[in-house]
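Undergrad: I would like to see how this sequence folds:
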Amino acid sequence: MEKEFWQKWEPLDDFPNGIWLESLLQDRTGLKIQFESENDKKIEFIFGYTALSCRMTDEGDMLQSINYWSEEYGGDFFSWPLYKSNNSSFIKWFNEESCEKFIEKNIEHYVFITEDDIIEVISATAPQIVIF
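TA: Numbering: from 1, shown residues only. Have a look, this model is predicted:
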(Lines give C-alpha, C1' and ligand atoms only; values in the text may rest on other atoms or scores of the structure.)
Protein backbone atom coordinates (compact mmCIF):
# COMPACT_ATOMS: atom_id res chain seq x y z
CA MET A 1 0.00 0.00 0.00
CA GLU A 2 1.34 3.41 -1.00
CA LYS A 3 2.11 5.75 1.88
CA GLU A 4 0.12 8.92 2.49
CA PHE A 5 2.12 12.04 1.59
CA TRP A 6 1.58 15.50 3.08
CA GLN A 7 2.51 18.41 0.86
CA LYS A 8 2.93 21.99 2.06
CA TRP A 9 0.11 24.09 0.62
CA GLU A 10 0.92 27.75 -0.08
CA PRO A 11 -2.22 29.30 -1.56
CA LEU A 12 -1.04 32.91 -1.05
CA ASP A 13 2.25 34.76 -0.86
CA ASP A 14 3.30 35.74 2.67
CA PHE A 15 0.77 33.47 4.37
CA PRO A 16 1.35 33.58 8.15
CA ASN A 17 3.03 30.64 9.91
CA GLY A 18 0.60 30.70 12.83
CA ILE A 19 -3.20 30.53 12.72
CA TRP A 20 -5.83 29.91 15.39
CA LEU A 21 -9.35 28.66 14.81
CA GLU A 22 -12.02 31.30 15.38
CA SER A 23 -15.01 29.51 13.92
CA LEU A 24 -16.09 26.60 11.79
CA LEU A 25 -19.51 27.17 10.30
CA GLN A 26 -21.55 24.65 8.33
CA ASP A 27 -24.88 26.12 7.29
CA ARG A 28 -27.19 26.42 4.29
CA THR A 29 -24.42 28.19 2.32
CA GLY A 30 -21.90 25.41 2.95
CA LEU A 31 -18.66 25.31 4.94
CA LYS A 32 -16.67 28.34 6.08
CA ILE A 33 -13.65 28.19 8.40
CA GLN A 34 -12.30 31.38 9.94
CA PHE A 35 -8.88 31.74 11.55
CA GLU A 36 -7.04 34.52 13.30
CA SER A 37 -3.44 34.87 12.20
CA GLU A 38 -0.31 35.70 14.13
CA ASN A 39 -0.43 39.20 12.58
CA ASP A 40 -3.99 39.75 13.94
CA LYS A 41 -5.69 39.40 10.57
CA LYS A 42 -8.74 37.22 9.96
CA ILE A 43 -8.49 34.56 7.27
CA GLU A 44 -11.56 32.81 5.92
CA PHE A 45 -11.53 29.65 3.85
CA ILE A 46 -14.88 29.40 2.11
CA PHE A 47 -15.60 25.97 0.68
CA GLY A 48 -19.33 26.45 0.21
CA TYR A 49 -21.09 23.33 -1.06
CA THR A 50 -17.93 21.82 -2.53
CA ALA A 51 -16.89 20.58 0.92
CA LEU A 52 -17.80 16.91 0.94
CA SER A 53 -16.58 16.02 4.42
CA CYS A 54 -14.96 17.78 7.35
CA ARG A 55 -13.41 16.58 10.58
CA MET A 56 -11.89 18.52 13.44
CA THR A 57 -9.75 16.90 16.10
CA ASP A 58 -7.93 18.29 19.11
CA GLU A 59 -4.24 17.93 18.33
CA GLY A 60 -3.70 16.20 21.70
CA ASP A 61 -5.92 13.36 20.48
CA MET A 62 -3.94 12.75 17.28
CA LEU A 63 -0.81 11.38 18.92
CA GLN A 64 -0.24 8.60 16.39
CA SER A 65 -0.51 11.00 13.44
CA ILE A 66 1.65 13.65 15.12
CA ASN A 67 4.34 11.05 15.83
CA TYR A 68 4.19 9.85 12.22
CA TRP A 69 4.42 13.40 10.82
CA SER A 70 7.33 14.23 13.14
CA GLU A 71 9.25 11.12 12.09
CA GLU A 72 8.41 11.45 8.39
CA TYR A 73 8.84 15.22 7.94
CA GLY A 74 10.82 16.42 10.98
CA GLY A 75 10.04 19.08 13.56
CA ASP A 76 9.66 21.84 10.97
CA PHE A 77 6.43 20.20 9.80
CA PHE A 78 4.50 21.98 12.56
CA SER A 79 5.93 25.41 11.73
CA TRP A 80 3.54 25.66 8.76
CA PRO A 81 -0.28 25.49 9.08
CA LEU A 82 -1.54 24.39 5.63
CA TYR A 83 -1.14 21.05 3.88
CA LYS A 84 -2.73 18.90 1.23
CA SER A 85 -2.62 15.15 1.44
CA ASN A 86 -1.80 12.90 -1.50
CA ASN A 87 -2.87 9.27 -1.31
CA SER A 88 -5.14 10.35 1.51
CA SER A 89 -6.57 7.77 3.89
CA PHE A 90 -9.41 10.22 4.60
CA ILE A 91 -10.32 10.34 0.89
CA LYS A 92 -10.08 6.54 0.68
CA TRP A 93 -12.46 6.24 3.62
CA PHE A 94 -14.81 8.83 2.07
CA ASN A 95 -14.82 7.05 -1.30
CA GLU A 96 -15.69 3.76 0.41
CA GLU A 97 -18.49 5.38 2.42
CA SER A 98 -19.95 7.14 -0.64
CA CYS A 99 -19.85 3.92 -2.70
CA GLU A 100 -17.20 5.59 -4.87
CA LYS A 101 -19.59 8.08 -6.44
CA PHE A 102 -16.78 10.69 -6.36
CA ILE A 103 -13.98 8.36 -7.46
CA GLU A 104 -13.73 10.01 -10.91
CA LYS A 105 -13.76 13.52 -9.44
CA ASN A 106 -10.57 15.33 -8.49
CA ILE A 107 -11.35 15.74 -4.80
CA GLU A 108 -8.64 17.01 -2.48
CA HIS A 109 -7.83 16.67 1.19
CA TYR A 110 -6.97 20.01 2.85
CA VAL A 111 -5.38 20.13 6.30
CA PHE A 112 -5.25 23.11 8.68
CA ILE A 113 -2.92 22.73 11.65
CA THR A 114 -3.27 25.10 14.58
CA GLU A 115 -1.80 25.00 18.06
CA ASP A 116 -5.00 23.43 19.35
CA ASP A 117 -6.80 21.72 16.45
CA ILE A 118 -6.30 19.80 13.25
CA ILE A 119 -9.06 20.48 10.75
CA GLU A 120 -9.37 18.37 7.62
CA VAL A 121 -11.65 19.03 4.67
CA ILE A 122 -12.34 16.96 1.58
CA SER A 123 -13.47 19.24 -1.21
CA ALA A 124 -14.24 19.11 -4.91
CA THR A 125 -12.68 22.57 -5.44
CA ALA A 126 -10.13 24.81 -3.77
CA PRO A 127 -11.61 27.18 -1.21
CA GLN A 128 -12.04 30.88 -1.72
CA ILE A 129 -9.67 32.70 0.67
CA VAL A 130 -10.56 36.07 2.17
CA ILE A 131 -8.20 38.06 4.41
CA PHE A 132 -9.41 41.07 6.38
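Undergrad: show me the contacts for Trp80.
TA: Contact analysis of Trp80 by Cβ atoms under 8 Å, 6 or more residues apart in numbering lists Lys8, Asn17, Ile113. Quick note: C-beta positions are derived from backbone N, CA and C, even for glycine.
Undergrad: For this protein, just list every one of the strands.
TA: Taking DSSP state E as the criterion, the chain carries its strands at 5-8, 19-27, 30-37, 42-48, 51-58, 82-86, 108-113, 117-123, 128-131.
Undergrad: how many other residues sit next to Ser70?
TA: Look at Ser70: counted by other Cβ atoms under 10 Å, it has 13 neighbours.
Undergrad: hmm, back to that, can you put the strands of the chain in JSON lines and add mean neighbour count, distance to Glu96 and mean pLDDT?
TA: Below are the strands of the chain laid out as JSON lines (neighbours: other Cβ atoms under 10 Å; distance: least, Cβ to Cβ, whole Å; pLDDT from 0 to 100):
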{"stretch": "strand 5-8", "mean neighbour count": "14", "distance to Glu96": "20", "mean pLDDT": "92"}
{"stretch": "strand 19-27", "mean neighbour count": "14", "distance to Glu96": "22", "mean pLDDT": "97"}
{"stretch": "strand 30-37", "mean neighbour count": "19", "distance to Glu96": "22", "mean pLDDT": "97"}
{"stretch": "strand 42-48", "mean neighbour count": "18", "distance to Glu96": "22", "mean pLDDT": "97"}
{"stretch": "strand 51-58", "mean neighbour count": "15", "distance to Glu96": "12", "mean pLDDT": "97"}
{"stretch": "strand 82-86", "mean neighbour count": "18", "distance to Glu96": "16", "mean pLDDT": "94"}
{"stretch": "strand 108-113", "mean neighbour count": "21", "distance to Glu96": "14", "mean pLDDT": "97"}
{"stretch": "strand 117-123", "mean neighbour count": "21", "distance to Glu96": "13", "mean pLDDT": "97"}
{"stretch": "strand 128-131", "mean neighbour count": "12", "distance to Glu96": "29", "mean pLDDT": "97"}
